[in-house]
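>>> below are the sequence and a predicted model for it; my questions follow.
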Amino acid sequence: MKRILLTTALVAAAAAPALPAAACDITVGLVMELTGPAGAYGQAGAKSVEMAFRDVNEAGGAAGCKLVTDTRDSQSQGTVAVDQATQLVNIKKVPVVIGGIISSVSIPILTSVTAPAGVVQVSPASSSPTLTALGRDGKTNGVFFRTITSDALQGTAAAKFALDQGLKKIAIIHVNNDFGVNIVREFSAAYTRLGGTITSTTPYNEQQASYSAEASAAMAGEPEALYLVSTPVDGATIARAWISGGGPQKLLLNDGMNSSDFIEAVGAQYLNDAYGTSSGTSKTASTDYFYGAYEAFSGGIKPDAPAADRSYDAGAIVALAIAKAGKADAAAIKAAIPQVVAEGGTPIHAGKAEFAKALALIKDGKPIKYEGVIGPVSFDQYGDITGPFRLWRIQDGKVTTIGEMSAAEVDKTRAELAK
C-alpha cells in the first residue's frame, strides 16, 4: 500500500505544473507617528511609503526582491520610538528605517539606535537643526538623510516672508519640543534683525484639552498677527482659542500646518489671512502623478496631508537605492542614496513606468536622478537637502502658492544678517 501511495504521489507531482521559486522579500522598517499629536503626519506618511514601494514592486522590485514594510507606531513619543526601532534593527535586522516624522522622534532613534548600529535612517519631515549638528559633530555615522530642509533655513524664510506680507508685529505660540524651540529661535533672530517686533513667545505642551491660557498670554502687547508653530490637531485647537479670544485673524504657519484637515477644523472663513512656508517644493511630473493617485491608494487621505508628498519621495529614494546597491546591506544602501538623486543622471519620476525605466538603467550601470513629488533634491554631507521654499496663502479654504524663495536667497539673507 505504501508503494502504491508513493507511486501515486510521484506521478501526481510529475503531472503538476512546476511552481515558481518564492520571491525574496526585503523588509524596510517604518517608525511613524500613527497616533498622538503628529498622528495625521504619520498615517499619511506610512501610506505614501507603501505607495512608493507598490510602484517599485510593480515595476520589477528592488535588487530582484519585493519590498515590504514593517510599520511601527511611535505614538509621537521618543521613548516609544526607540523601543520600536530597536526591535526593527536588532530583531528584524532591517537595513533601513524610514522615520520618524517629527524631530523629537527622529533624534532619539538616530542617537540611540540607527547611528550606533550603522543602519540607514531616512526621515521625511524632521526639520530640526539639531540633526545637522549631529552630522557635523560626527555623531550620525553618515547614516541619516531627510527629505525636508532644516529649520535653520525655514525660520529665516518664514521671517522674511512674514515681513513681506506686512506682518510687522507678531506673537509666537510654539510646541515645546526640539522642533518648535529651534525653528522659533531661527525665526526670532531673523525677524527682529529684519525689523520686526515680537510681542511675546509662548511655548505649549502637546495634547492639552484647552489652550485658552496660552492664547490669552500671547495676546499681550497687542500683536498684529500670530506665528503658530504646531501640528494640525493641536494647532487647530490653539487657532480656535486665539480667534475666539479676539486675536487678530492674521496667522503665519509652519509647513506642517499646510493641511486641509487643519483648515476644516478651524473654519476656512477665519483663515483668509493665513500664510506659510513649505520646503523643497518645485512641481514635477512626480507631483502630478502623486496628486492624481494618492487619495485612492490611501483610502481617502488627501495628497496635501502633512508629510505625504515627501514621505513618498523618502520611500522612492530608499527603494531606488536598494536597487542600486543590489542587496539589502545598510552600508551599500547608504552609499547608493546620494547616487540616485545625483546630477548628471537620467531624470526619473514617480510611478510604475518611470521606476521600470530606472531599474533598467541601474541594471545597465547607468546613472539616474530621481526628481520627486517635492521636486529635484540632492543631499549634502550631513544628509540635508537643498531646495526652494514654497510661499503659500490660505484663501477660501484652499492653499495657494504665491511665491518661491530659493535656498540661495535664504543663504544670502542669513549671511547678511550675520554681518
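Right, received. Where do you want to start? Residues are numbered from 1 along each chain as shown.

>>> just checking, next helix/strand downstream of whatever helix or strand Ser48 lives in?
Assessed by DSSP states H and E, Ser48 sits inside helix 39-59. Per DSSP H and E, the first helix or strand lying C-terminal to helix 39-59 is strand 66-73.

>>> can I get the next helix or strand after that next one in PDB, CA atoms only?
Counting by DSSP H and E, the element after strand 66-73 in chain order, helix or strand, is helix 78-86. Extracted C-alpha coordinates of helix 78-86, given in PDB (Å, rounded to 0.1, in the frame of the first residue of the first chain):
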ATOM      1  CA  GLY A  78      10.700  59.400  21.500                       C
ATOM      2  CA  THR A  79      10.900  56.600  24.100                       C
ATOM      3  CA  VAL A  80       8.300  54.500  22.300                       C
ATOM      4  CA  ALA A  81      10.100  55.200  19.000                       C
ATOM      5  CA  VAL A  82      13.400  54.000  20.400                       C
ATOM      6  CA  ASP A  83      11.800  50.700  21.600                       C
ATOM      7  CA  GLN A  84      10.200  50.100  18.200                       C
ATOM      8  CA  ALA A  85      13.300  51.000  16.200                       C
ATOM      9  CA  THR A  86      15.400  48.700  18.400                       C
END
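
>>> could you give the average pLDDT over helix 78-86?
Averaged across helix 78-86, the pLDDT comes to 98.

>>> who's in contact with Asp309?
Ser48, Thr281, Thr287, Phe290, Pro303, Gly372, Val373, Ile374 (Cβ atoms under 8 Å, 6 or more residues apart in numbering). (C-beta placed from N, C-alpha, C; glycine too.)

>>> the fourth one belongs to a strand?
No - inclusion of Phe290 in a strand is not indicated when DSSP: H, G, I helix; E, B strand; the rest coil is applied; the result is helix.

>>> for the stretch 51-200 of the chain, just list every one of the helices.
78-86, 103-109, 115-117, 129-136, 151-164, 178-193 (DSSP state H, counting those that start in this stretch).

>>> can you tell me which of those helices is most buried?
Greatest average neighbour count among the helices of the stretch 51-200 of the chain goes to helix 103-109 (a mean of 28), per mean count of other Cβ atoms under 10 Å.

>>> and it, C-alpha only, in CSV?
Below are the C-alpha coordinates for helix 103-109, written out as CSV (Å, rounded to 0.1, in the frame of the first residue of the first chain):
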residue,chain,number,x,y,z
SER,A,103,12.2,65.6,15.1
SER,A,104,11.5,64.7,18.7
VAL,A,105,11.0,61.1,17.4
SER,A,106,13.8,61.0,14.8
ILE,A,107,16.6,62.3,17.0
PRO,A,108,16.4,59.6,19.7
ILE,A,109,16.0,56.9,17.1
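
>>> quick one: it to chain centroid distance?
13 Å (Cα atoms, centre = their mean, to the nearest Å).

>>> show me what that helix is packed up against.
Counting contacts by 3 or more Cβ pairs under 8 Å, 6 or more residues apart in numbering; DSSP states H and E, helix 103-109 is packed against helix 78-86, strand 96-99, strand 120-123, helix 129-136, helix 178-193.

>>> may I have the last one exported as CSV, CA atoms only?
Output in CSV follows, covering the C-alpha atoms of helix 178-193 (Å, rounded to 0.1, in the frame of the first residue of the first chain):
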residue,chain,number,x,y,z
ASP,A,178,13.2,70.3,19.7
PHE,A,179,11.4,71.3,16.5
GLY,A,180,9.4,74.1,18.0
VAL,A,181,12.3,75.6,20.0
ASN,A,182,14.7,75.5,17.1
ILE,A,183,12.5,77.0,14.4
VAL,A,184,11.4,79.8,16.7
ARG,A,185,15.0,80.6,17.7
GLU,A,186,15.9,80.9,14.0
PHE,A,187,12.8,82.8,13.1
SER,A,188,13.1,85.2,16.0
ALA,A,189,16.7,86.1,15.3
ALA,A,190,16.0,86.8,11.6
TYR,A,191,12.7,88.5,12.2
THR,A,192,14.0,91.1,14.7
ARG,A,193,17.1,91.7,12.7
